[in-house]
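[1] heads up, no residue letters with this:
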């Protein structure tokens with residue numbers, strides 16, 4: 001799924017562009033500070049109900065429009081806040097009665113969405129406890145618990161091929177591409193699109209997508225946060241960058257390193273290397289060998305050890321090297 005934040009209409013280019021693997025948007029949302037963001041949304045209703053000057057000035061609308069835009073930039077799901085704000089602004093301009101309590105309701109739904117997604121990740125879609133597909137698991141539990149499944153209405157729409165690299169079918173805000181000069185010279189395709197009106201509908205959409213694609217969720221063995229897998233994947237680590245990692249290593253990188261160490265730690269070459277390493281280290285501490293000599297030997301020994309573990313030389317050849325060096 002792609003998220004295009006902003007467009008430069010004069011130069012006809014995208015200013016900010018993000019791509020997400022399936023399930024990643026939901027995983028990011030699970031760890032958003034939704035309570036704080038919900039409070040910020042509620043402040044919008046508080047202001048217009050109790051503090052705004054009436055009639056409401058254009059400067060006030062602009063101020064809160066910028067604030068909601070900042071919230072939207074934190075995650076695509078929060079674009080619904082901008083959409084709602086645009087709707088009530090138009091109603092106000094047309095002298096239509098506006099329900100300024102709407103941001104209270106939106107805030108509560110965003111909190112409900114996060115709670116629901118967490119329950120699904122740990123329940124219906126929990127990879128650790130599933131032997132069948134996600135859909136089969138859901139149907140089995142739903143029949144026992146009298147669960148329900150929301151039907152979504154998707155409609156065919158023409159969109160530029162370049163607009164969405166791997167279009168999932170969800171678009172928070174309708175875009176009239178055919179009349180937008182930015183996309184005038186692009187190739188188009190017909191896709192089924194769903195425009196959610198509430199956070200709850202976003203959750204229903206992604207849940208149906210996960211059942212269709214057999215997406216499941218696991219807890220990363222390093223950072224202890226959920227990540228998505230397809231089917232019965234044996235992955236145990238996510239692709240998030242480890243916090244405070246100067247080398248931008250991911251949990252998956254760390255997992256691969258741990259697997260390598262655990263797999264090869266029992267290799268006879270590792271044991272032979274460690275036996276001689278301890279002997280050489282003791283010599284260095286007793287000053288019967290210089291630190292420079294030990295460092296040089298250790299570097300060469302590790303290369304020969306790795307060659308043996310990789311099968312480029314035999315264990316006998318590695319032992320002969322240790323004995324002669």
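    Looks like it arrived, so ask away. Please read all numbers here as calculations on a predicted model, not as lab measurements. Numbering: from 1, shown residues only.
[2] I'd like to know which helix or strand in this protein has the lowest mean pLDDT.
    strand 2-8 (a mean of 42; mean pLDDT, DSSP states H and E).
[3] how about the chain, which residue sits the furthest from its center?
    residue 288 (54.8 Å; C-alpha atoms, centre = their mean).
[4] That one in helix, strand or coil?
    Following DSSP: H, G, I helix; E, B strand; the rest coil, we place residue 288 in the coil state.
[5] go on, residue 270?
    helix.
[6] Tally up the residues packed near it, please.
    16 (other C-beta atoms under 10 Å). (Glycine included, C-beta is placed from N, CA and C.)
[7] Distance of it relative to residue 317?
    Counting by C-beta to C-beta, to the nearest Å, the separation of residue 270 from residue 317 is 16 Å.
[8] for stretch 195-215, what is the average pLDDT?
    Averaged across stretch 195-215, the pLDDT comes to 89.
[9] Report the buried residues of that stretch.
    195-196, 198-199, 201-211, 213-215 (16 or more other C-beta atoms under 10 Å).
[10] Just list the residues touching residue 110, thanks.
    34, 37, 38, 41, 77, 78, 199 (C-beta atoms under 8 Å, 6 or more residues apart in numbering).
[11] Can you tell me which of the residues you listed lies closest to residue 231?
    residue 77 (25.6 Å; C-beta to C-beta).
[12] Which residues are in contact with the closest one?
    With C-beta under 8 Å, 6+ apart, residue 77 has these contacts: 25, 29, 110, 113, 172, 199, 202.
[13] Columns secondary structure and distance to residue 50 on top of these, output as JSON lines?
    What follows is these, written out as JSON lines (DSSP: H, G, I helix; E, B strand; the rest coil; distance: C-beta to C-beta, whole Å):
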{"residue": "25", "secondary structure": "helix", "distance to residue 50": "35"}
{"residue": "29", "secondary structure": "helix", "distance to residue 50": "30"}
{"residue": "110", "secondary structure": "helix", "distance to residue 50": "22"}
{"residue": "113", "secondary structure": "helix", "distance to residue 50": "27"}
{"residue": "172", "secondary structure": "coil", "distance to residue 50": "29"}
{"residue": "199", "secondary structure": "helix", "distance to residue 50": "25"}
{"residue": "202", "secondary structure": "helix", "distance to residue 50": "30"}
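[14] Report the two of those separated the most.
    25 and 110 (14.1 Å).
[15] which of the residues in the helix or strand harbouring residue 306 are buried?
    Using DSSP states H and E, residue 306 falls within helix 291-309. For helix 291-309, burial by neighbour count (16+ other C-beta under 10 Å) applies to 294, 297, 298, 301, 304, 305, 306, 307, 308, 309.
[16] Over to stretch 109-120?
    Those would be 109, 110, 112, 113, 114, 116, 117, 118, 120, for stretch 109-120 by 16+ other C-beta under 10 Å.
[17] Okay, now the unreliable bits of the stretch 101-250 of the chain?
    Scanning the stretch 101-250 of the chain for pLDDT under 70 picks out the ranges 146-148, 162-169, 171-183, 245.
[18] can you give me the helices in it?
    102-122, 134-145, 199-213 (DSSP state H, counting those that start in this stretch).
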